Structure formats: structure tokens, C-alpha cells
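[1] Using only what follows, build the 3D model:
(4 chains)
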There are 4 protein chains.
Amino acid sequence: MPSKNIKYGLIGSNGRLGTEVINVLNEKKYIQVLSYNLDEEIVEDRPDLLIDCSLPAAFNSTVSLVQKYKCPLIMAVTGLEPEQLNKLKQLSRTVPVVQSYNFSTGIQVLLKLTELAYEKLGDWDIEITETHHRFKKDKPSGTAKMISGVLKGKDTNISSLRLGNIAGDHTISFGGLGEVLSISHSATSRRTFAEGIFLTVEFIIKKKNGYYSFTDVVFNK
Amino acid sequence: MPSKNIKYGLIGSNGRLGTEVINVLNEKKYIQVLSYNLDEEIVEDRPDLLIDCSLPAAFNSTVSLVQKYKCPLIMAVTGLEPEQLNKLKQLSRTVPVVQSYNFSTGIQVLLKLTELAYEKLGDWDIEITETHHRFKKDKPSGTAKMISGVLKGKDTNISSLRLGNIAGDHTISFGGLGEVLSISHSATSRRTFAEGIFLTVEFIIKKKNGYYSFTDVVFNK
Amino acid sequence: MPSKNIKYGLIGSNGRLGTEVINVLNEKKYIQVLSYNLDEEIVEDRPDLLIDCSLPAAFNSTVSLVQKYKCPLIMAVTGLEPEQLNKLKQLSRTVPVVQSYNFSTGIQVLLKLTELAYEKLGDWDIEITETHHRFKKDKPSGTAKMISGVLKGKDTNISSLRLGNIAGDHTISFGGLGEVLSISHSATSRRTFAEGIFLTVEFIIKKKNGYYSFTDVVFNK
Amino acid sequence: MPSKNIKYGLIGSNGRLGTEVINVLNEKKYIQVLSYNLDEEIVEDRPDLLIDCSLPAAFNSTVSLVQKYKCPLIMAVTGLEPEQLNKLKQLSRTVPVVQSYNFSTGIQVLLKLTELAYEKLGDWDIEITETHHRFKKDKPSGTAKMISGVLKGKDTNISSLRLGNIAGDHTISFGGLGEVLSISHSATSRRTFAEGIFLTVEFIIKKKNGYYSFTDVVFNK
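    Residues are numbered from 1 along each chain as shown, chains lettered A, B, ... in the order given. Model (predicted):
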């Protein structure tokens, strides 16, 4: 059951993810009290926490808002620079910060399952496949690299497929003599990331200062 | 690397699984010194361990052989009676016994991954699918029931497909709003079970008396 | 390349499908000149054709509009009564009418491929699987029944899975001894149906009176 | 129902495919009257037809046998040289010859379905995936190239996966905006190729001279 009367501020509320975040958090009866887009800022009340779904360019404004309200921050912007990540870590000495490039719960579970499977089946053949919409230029996907990263020191083939407007499918397969084990994740809509941000709100409002990942949220550390 | 000069006896050496077990263990340079089929017994040397891949009808002969040679037993016969399982447990007070209905490593890993995924995604929708050859009469498969058994207290839908001569495919899917996570296992040949029996030999020869499952072998308890 | 300066009227323009149809047809530079929702009617110009994406309750209003403007009709409403379908057939003596319950091109191709595969592999085992969101109450899906309908006189097992918010996945598998052939379709967004309606516009504006299905559109009869 | 009293000769009867062919043809009550392996030839009766499942090195012996018995030839050897294929065509002026590198019925149907799907969905994104056992060195597989060859003039990405001992899986996917259509084939055992050779026997014994492919057999030209 969602916490009551949570008041949140949203940086990037006009974007695709921002719009979905508002939908989900409104369903949970949270109250949006601050909205920030480019230079437009609307503040109705003091927020209990801030969520940033915008772009790296808004980073400094976000930091200022966190410092002003001394409240927790959920940072969901992708493509941050190393110095921006460092700044977030500094910030986390005074407020709780959750930073992640992927707020899908299923992907976090897939990473955990991959780790366990690799422990047992590390000498089997391993193949990773990722399928995304035709507009995605980079290959392989960042998430495929995250999966590959779990297989410490193993150089793993990643096949990249580009098809229609698929939101994002990832599969890792382990092949032994006589059997194949596969773990697959399919994102069917952007809503999944908004649901992950909701889980993060419930996590962060109970925390003191500290720097957390979405893995910490899902595995409740 | 396989242990050296292991001498094994095989009950049911003429059967489908028995034949495959001989192939795999010979590759590992083990030496077959005892063969038992119905009333035909060939003994060349004292075995270090016994493997039973036959049928429940041979059970008493197998027990006698174990008592005669005071050696470990790998029991791979399916459809044993409760009293036969009890007898095995008694036997395990004096020798190590590994008993399982499924010696596929991948299925053991799938069960473990299912357990972990269910911990995190227990409130998502869950579906199990199993596909087997057209000659399989029982629905759902025993393995599908094992998977379902991991989801304690959750009544889960199992879809059974019968197609051609598929050796055995199992999938469990967790569906949330916006994403689906699936774990799949496909048995591509009977060899997988013989490989599992090889792993069990390496496990059992280091054990004192005790009653073990194939889960213990794979997770090295 | 889309035809130029097409002026269309849309019944049910506020609904989920209607909204998506407007998005797609606007991209094609068509011009919406008539909008009808419940009792609200906005007319800016005489339409070249009418599209109905509403509900069976609006049927009589739609027929009146077609008669008034003597223009082609694309009927995309689901759950019509037999008498309403008959009325459409009458109407098609004077204007072209395309009626379908599913405007996905991929599903039309799947049905055609199924027909061809069944001709060659009719004595193999056949299994149909359909997966939809948890909110879908009816089992099996209408589309699964359409697929099954292609296998004349063959009583085919249909497995229904309900997972998260999957828009709609369908698979038909043919299993022989030693091989399996499968045809799968996955709807990843409602846009696919709007794209099908766009194709239907390009088809219908070149037709005289007559009653057509979306199969006719895709296979250009 | 199989034809009666068919007497066949088999070149390469000791090989993996040859052994499987004997199993299947014996089940059909055909009679093997000639066996040829390297330099060992066993002849019990005059064959109604010859089947070659051996290697390119045996080619000349096979041609001599066909000329001696003036009977139809099923040529299932892979990796023939262009001049050997030419020789077969010459031979087909006097006897019927069926030559193919893949006697799986399902693959033939997949190729036909691909052709039809490509006609309708030629402007969608297309991806081909092939998965084979770890021992397969060449990438992509010959069958993947055959599938790609159906898409005339379209440069299509082929992803190659190598996993355990998978006999051979092939998938072609067509991705549009909002939907994906896939056609998949999975070879689960070598038996499938022996079944294809049985179908070819039934086809060839009714033919006069001529040069045929396995496509002709399946689509009964």
C-alpha cells in the first residue's frame, strides 16, 4: 500500500518518462507540488522529495533545488557525466540519493538471476541477445552491457536486433551439452520505469543520507 | 577434471538412459566393472559405486548389491514407491545415497532462479508452460509440478503443449505492468541426464553415509 | 506514398483507437473534417470517407452519416450484432465498405501463412498459444479463434496465458517427428491497428461499392 | 501409406544420417538390398532406387552405380563441387535425380512462408537468427543463407548463436511499427532429415527422368 500524502517535485515533467511518472504517482495518491521544465518552475508546496526525469543539461538546476529543499533525490536521467555522478555522491552525504539508468524491476531481477546462473553454469556457452526499435542507433544496448558485466572476465557474444518499435527485449542463454537455460526480459511499455520510480519513492523516504542504486531498492538493502 | 580409475557398476545398462550413461562415463575414463540387466549379472571387479537407471522392479536386487559391496548408490529410477524411498533412506545410514527423478543441471538452476524471482515478483502474474513429445500422456509434466511447487501456496496455471518429439521444454513467466521476465529450460537430448549422473559420481565418492538429492549435488552442499 | 488531400470523418474520435488513428492519419497529411462522439458532431467540410472506431451503440448514427455523404465506410467497431453486419452489407451495394475486427497487417499475414503451412503439415501436431494482459477476461482470444478457424475441421488445443499488460501475442506451432515450425505475432502497440486503417483508406478510396474485409486490403483483391 | 516392396540401395549406410535413414525406411517396410561404404559393397538384389548419404569423395562410385542399375538417385551429400552438380544434371536426362542440402520438410515450408511474408511485409525491418551447437565453425549457417536468399536484393542482418549441442534453430522476424511477425524452425533430431528422404522416395519412384529439388518434393511439383 502506498504511503500517504507524499508530496513530490518533478524535474522534466513534460517528457515521455515524466508524463508516465505523473500518471503512476497520481494513481498512488501522491501529490505533485513542484514542476520544473527548462526555465519554467511551478511550486505549490514544499516537496518531500525530488525526481529528475529530464536531461543532463538540467543537472545544476536539480542540484540547486535539492539544496534548497534539503530533500531526497531520485535521479533517473541517462547519460550523466562522471563529474555529475561525483557531484551526486557528494550530495548524498546530506540527503539520500538513488541513481540508476534503468528503473525496471524485472531487469534488476534478471541481473541477479544471471549472477546465480553464471556461478553454476559458468563453463557453458553463453549468448546475449537484445532487440530494440529501429530508431535505436547504439549497439549493443546499455542494458546488454550491464548483463555482460555480470559475467566477470568472460568475453560474451552479444547479438543486436533492430525491429519495428520494440521497447526492449533482452535474453541471456546458457547452453550445455543436452540442455539450454535462458533468462528473458521484455519491456512492454514505459510504465514499467514509472512503477520502478514509485518503488524508489517508498524506499527513499525511509532513508537517511546515502548513495543508492535501483538494485538496492529492489533487493531492499 | 574427472577423478581417475573410478570403477562403477550399472543396473539397467541396456536401457536408453543406461546406454547414454556408459557413453558419458567412458569418455571420462571411468571403468565399468559390473553390469546388471534383469537376471543377467556380469561382474569383473569390485565397484567403487553403483548406479541404478533401471525400473522399480529391480529395486530389491539393487539394494542387495549395495549391501554386498558396501558402496555408494546413485538412484535414477523414476516412479519409486514411498516404501522404496524409505528403504533408500535406511540404506543411507551406512552408505551415501543420491536419489533424484531429474538429473538435469539446468532444471536445478531453473528451480533455484524461480525461487529467487518469486521472492521479488511474487505479486506479478505467473504462468508455467511445458512442451513435450506427443507420446507423453500425463499432463502437466512432473517437472512443471516441481516448478509450481516452488511457488508456495500460489495456485499457478500450467499450459501443456504436445508437439512432435520434443524432449522437454519448460518456461515460467512473471508478468508485471509493463514488463515480463521469463526463465526457460530446453532439454535437447538425453545426454544431459547422463552428464548429471557424472557430476553425481564426483560428488558421491567424496561423501560419507547420508541421503542426498541432485539439488545437493548441483549446489554442492 | 499517401494519397493527397484526403478528407476524413471519424466516429469515436475520443476513444483509444480513435486517438491513435488521428495521430497516424495526420502524419500522412490527411485532413480530419468531421468528428463524432456521442451526441457531439463537428463538421468542417464534406468527408471523402468515414471511419468508425466507436461502439456498437453509435451504429445507427454512422449509417445515417454514410447515407448523408454517400461516401466509403471503414467499420472498425468490435462486437457488432448479426443484423448490424447485414445492414452493412446492404449499405455496401451503394458505397464501398471495409469491415474487420482486427486491422493488424501482421495478423492477416499470419492467417495466410497458417493456411499454407496447414496444407503441407496438416498431419503434424498443432498447438495455438495466446498471451494477453491480466484484464482480458475472455479465453481464448477472438484472434486465436480466427487462427483455429483456418484449420478446417481440426480440433486444436489453445493455451491462454494472462500476463501483466501484454497487448497480444499469438503463436501457432506445427510439430513433426524431429522438427517444429512456429509462426508468431506480437502486437507491441495500438498503433499497429491505426496503421492498418491507413492502408484501408488507401484501398477504399479507389473502390466502387462492395463489401470487403481487411484480408482483401492486405492481399489487395 | 508407404509404397510396398520398395528395394533401395544406400551409399554411406554407416554414417550418422545413413543409420537414421535405415531406421526410418525399415519402419516403412522398405527393403535394403544394397549397401556401399568406402570400398565395401554388399548387393543382395537389384535396387529400385539409390540414396547417397555419404561424402563428396564417393561421388564417382555413386554415379557408376546409378549407370549400372539405371535407377533414380536421391543425392543427400553436402558440399558437392559445381562440376559434381553438373554431372548430376547430365545424369538426370536419363534417370530422375533429387538433390538437396537439407531434407527437412519444415525448412521448406519456412522458406515458402518467408517468400509470402516478404511479399507483404517487404518494407518492414527483417532479422534472421540461427542457433547451432558449439562445434559448428561456419557462420552464418547454410540454411540461414537460404532464408536470406529468398529476400531478393535485401541485405539482411543474420545473428549467429552457438550454444551447447543444439541441432539447428532458425528464425526470421519482420518488425513493423507496433507489431512483429516471426517464423521459426527448430530441428530436434536428425530423424527429420530421414523422414524427408522417405518422402523423396515416394516422390521419385513416380517420376521419369528430370532434375528435382526437395522443394519440388514438398510442394509436389
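[2] Give the burial count for A:Glu83, as a bare number.
    Here the number of neighbours of A:Glu83 (other C-beta atoms under 10 Å in any protein chain shown) works out to 9. C-betas here are computed from N, CA, C, even on glycine.
[3] and the gap between it and A:Ser92?
    Here A:Glu83 is placed at a distance of 15 Å from A:Ser92 (C-beta to C-beta, to the nearest Å).
[4] Spell out which parts of chain A neighbour chain D.
    A:124-125, A:127, A:129, A:131, A:134, A:157, A:159-166, A:173-180 (C-beta under 8 Å from any C-beta of the partner chain).
[5] and those, which of them are in strands?
    For these, membership in strands holds for A:125, A:127, A:129, A:131, A:157, A:159-162, A:173-176, A:179-180, with DSSP state E as the criterion.
[6] interface residues of chain A facing chain C?
    With C-beta under 8 Å from any C-beta as the criterion, chain A comes near chain C at residues A:164-167, A:188-189, A:191.
[7] In helices, which of those residues appear?
    Using DSSP state H, A:Arg191 are the members of the residues of chain A next to chain C that sit in helices.
[8] re earlier: any of the ones in strands among the residues of chain A next to chain D buried? List them.
    Neighbour-count burial (16 or more other C-beta atoms under 10 Å in any protein chain shown) is assigned, among those, to A:125, A:127, A:129, A:131, A:159-162, A:173-176, A:179-180.
[9] Can you lay out those residues as CSV showing pLDDT and distance to A:Met146?
    As requested, these are arranged in CSV below (pLDDT from 0 to 100; distance: C-beta to C-beta, whole Å):
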residue, pLDDT, distance to A:Met146
A:Asp125, 97, 20
A:Glu127, 98, 16
A:Thr129, 98, 14
A:Thr131, 97, 16
A:Ser159, 98, 16
A:Ser160, 97, 14
A:Leu161, 97, 18
A:Arg162, 96, 19
A:Ser173, 98, 17
A:Phe174, 98, 17
A:Gly175, 96, 21
A:Gly176, 93, 24
A:Glu179, 94, 26
A:Val180, 97, 22
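[10] If we check chain B, which of those are in contact?
    Checking these against chain B by C-beta under 8 Å from any C-beta, the ones in range are A:174, A:176, A:179-180.
[11] which one's the longest helix in chain A?
    Ordering each helix of chain A by length in residues (DSSP H) puts helix A:105-121 first.
[12] Just the element for A:Thr143, please.
    Counting by DSSP states H and E, the secondary-structure element that holds A:Thr143 is helix A:142-150.
[13] what comes up buried for that helix?
    Applying 16+ other C-beta under 10 Å to helix A:142-150 flags A:143-144, A:146-148, A:150 as buried.
[14] go on, stretch A:182-194?
    Buried positions in stretch A:182-194, judged by neighbour count with 16+ other C-beta under 10 Å: A:182-194.
[15] what does stretch A:193-211 give?
    For stretch A:193-211, a neighbour-count test (16+ other C-beta under 10 Å) marks A:193-201, A:203-204, A:207, A:211 as buried.
[16] contacting residues for A:Leu110?
    Going by C-beta atoms under 8 Å, 6 or more residues apart in numbering or on different chains, A:Leu110 touches A:147, A:170, A:172, A:183-185, B:181.
[17] Need the contact partners of stretch A:49-59.
    Stretch A:49-59 has contacts (C-beta under 8 Å, 6+ apart) with A:6, A:8-13, A:15, A:17-18, A:21, A:34, A:36-38, A:62, A:65-66, A:69, A:71-77, A:79-81, A:84, A:87, A:197, A:201, A:204-205.
[18] Now for A:Lys87: which residues touch it?
    Shown in contact with A:Lys87 (C-beta under 8 Å, 6+ apart): A:59, A:63.
[19] secondary structure element for it?
    helix A:82-91.
[20] continuing past that helix, what's the next helix or strand?
    Using DSSP H and E, the helix or strand that follows helix A:82-91 in sequence is strand A:96-99.
[21] Just the CA coordinates for that next one, please, in PDB.
    Extracted as PDB, the C-alpha positions of strand A:96-99 are listed here (Å, rounded to 0.1, in the frame of the first residue of the first chain):
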ATOM      1  CA  PRO A  96      19.500  10.200   0.300                       C
ATOM      2  CA  VAL A  97      20.100   9.800  -3.400                       C
ATOM      3  CA  VAL A  98      19.000   6.900  -5.700                       C
ATOM      4  CA  GLN A  99      20.700   7.000  -9.100                       C
END
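[22] can you give me the mean pLDDT across it?
    pLDDT averaged over strand A:96-99 equals 97, rounded to a whole number.
[23] So what are the sheet partners of it and their directions?
    Within its sheet, and counting by DSSP bridges, strand A:96-99 is paired with strand A:73-75 (parallel), strand A:210-212 (parallel).
[24] Put together JSON lines for these, with mean pLDDT on each row.
    Formatted as JSON lines, these follow (pLDDT from 0 to 100):
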{"stretch": "strand A:73-75", "mean pLDDT": "98"}
{"stretch": "strand A:210-212", "mean pLDDT": "97"}
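[25] Tabulate those strands in a markdown table, adding columns for distance to B:Lys112.
    Formatted as a markdown table, those follow (distance: least, C-beta to C-beta, whole Å):
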| stretch | distance to B:Lys112 |
| --- | --- |
| strand A:73-75 | 32 |
| strand A:210-212 | 27 |
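[26] can you tell me the average pLDDT over stretch A:25-32?
    Stretch A:25-32 shows an average pLDDT of 95 in the prediction.
[27] Can you get me the start-to-end distance on it?
    8 Å (C-alpha to C-alpha, to the nearest Å).
[28] Identify the residues contacting that stretch?
    Surrounding stretch A:25-32, the residues in contact under the criterion C-beta under 8 Å, 6+ apart are A:2, A:4-10, A:13, A:22, A:45, A:194, A:197-198, A:201.
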